[in-house]
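Asker: predicted model, plus sequence, below.
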Amino acid sequence: MNRPTFPSDVTREQFDSVREMLEAARRKTRPRKHDLYDVFCAVLYFLHSGSAWRSMPPEFPPWRTVHEYFTQWTMLRDGDRTLLESALDRLGRSAEIARLRQLTGQR
């Protein structure tokens, strides 16, 4: 999908450093309809903007799809860190980590 760039986006090169980690969380059922990069950038947009899921710009995948990935990525894994938090940490996105913790009630 060719979409405009948002201030919250990461580059594809940055995303490639966390792609494998994020892909591992998905149940293997059918081929993806949406580029995982766009889904991840939509999650970043949600965390960065603080907007409601239904207010997601139409250039991103459908909000329900993004929300489902967000749910999978924020389930607690080993210890007390989520997959999304680990990915954000690897990318150096501390503001988004703080917002994520605020939303999920983590410390």
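Answerer: Okay, I see it. Residues are numbered from 1 along each chain as shown.

Asker: okay, now the unreliable bits of this structure?
Answerer: Across the chain, the ranges flagged by pLDDT under 70 are 1, 27-28, 76-79, 106-107.

Asker: now do the helices in it.
Answerer: 12-23, 36-49, 63-73, 83-91, 94-104 (DSSP state H).

Asker: next, the buried residues of the fourth one.
Answerer: Think helix 83-91. Residues of helix 83-91 classed as buried by neighbour count (16 or more other CB atoms under 10 Å): L83, L84, E85, S86, A87, L88, L91. To be clear about C-beta, it is placed using only N, CA and C from the backbone, and glycine gets the same treatment.

Asker: closest one of those to R30?
Answerer: L83 (21.0 Å; CB to CB).

Asker: could I get the helices of the chain in CSV, plus columns for distance to P57?
Answerer: CSV is the format used below for these (distance: least, CB to CB, whole Å):
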stretch, distance to P57
helix 12-23, 18
helix 36-49, 7
helix 63-73, 10
helix 83-91, 20
helix 94-104, 17
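
Asker: R30: which of those helices is closest?
Answerer: Across the helices of the chain, closest to R30 is helix 63-73 (CB to CB), at 12.9 Å.

Asker: show me what that closest one is packed against.
Answerer: helix 36-49, helix 83-91 (3 or more CB pairs under 8 Å, 6 or more residues apart in numbering; DSSP states H and E).

Asker: switch the cut-off to 10 Å
Answerer: helix 12-23, helix 36-49, helix 83-91, helix 94-104 (3 or more CB pairs under 10 Å, 6 or more residues apart in numbering; DSSP states H and E).
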